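[1] could you work out the structure for the sequence below:
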Amino acid sequence: MEAVLERFKKLYDINEPKAGGSFYLQSKILRARERIEAEVRDAARKSQMEKELREGWKPKMYKD
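    Residues are numbered from 1 along each chain as shown. Below you'll find the model as predicted:
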């Protein structure tokens, strides 16, 4: 994820409209980053659910 964010910042800055870049490309770069983050988040959730299925769900018990 770190490499993706570094590449995102570079491409986003290169396409700054005030510096002669393309707003269209900048918006596509932003949407691509958001999509990658969503995929990583979903994969982490799925991994966590599979881990719970393998090991069994262990709820935290609180004693008052």
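
[2] from now on I want contacts and neighbour counts done on CA atoms only, so please keep to that.
    OK.

[3] output the longest helix belonging to this structure.
    Ranked by residue count, the top helix of the chain under DSSP state H comes out as helix 23-55.

[4] off-centre distance for it?
    Distance of helix 23-55 from its chain centroid, counting by CA atoms, centre = their mean, to the nearest Å, is 5 Å.

[5] only the buried residues of it, if you could.
    By 16 or more other CA atoms under 10 Å, the buried positions in helix 23-55 come out as 25-26, 29, 33.

[6] stretch 7-22 now?
    Residues of stretch 7-22 classed as buried: 8, 12, 15 (neighbour count, 16+ other CA under 10 Å).

[7] and the second one, how far is that from Arg45?
    Look at Tyr12 and Arg45: by CA to CA, to the nearest Å, they are 28 Å apart.

[8] could you tell me how many residues sit around Trp58?
    Actually, residue 58 is Lys rather than Trp. Using other CA atoms under 10 Å, Lys58 has 7 other residues around it.

[9] how about it, secondary structure?
    Recorded secondary structure, Lys58: coil (DSSP: H, G, I helix; E, B strand; the rest coil).

[10] that one and Ser47, how far apart?
    16 Å.

[11] what average pLDDT does stretch 20-27 get?
    Per-residue pLDDT over stretch 20-27 has a mean of 95.

[12] and it, C-alpha only, in PDB?
    Coordinates of each C-alpha in stretch 20-27 appear next as PDB, following Å, rounded to 0.1, in the frame of the first residue of the first chain:
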ATOM      1  CA  GLY A  20      -0.700  22.600 -16.800                       C
ATOM      2  CA  GLY A  21      -1.800  19.100 -16.000                       C
ATOM      3  CA  SER A  22      -5.100  17.400 -16.700                       C
ATOM      4  CA  PHE A  23      -8.000  17.600 -14.200                       C
ATOM      5  CA  TYR A  24      -9.500  14.500 -16.000                       C
ATOM      6  CA  LEU A  25      -6.400  12.400 -15.400                       C
ATOM      7  CA  GLN A  26      -6.000  13.700 -11.900                       C
ATOM      8  CA  SER A  27      -9.600  12.600 -11.100                       C
END
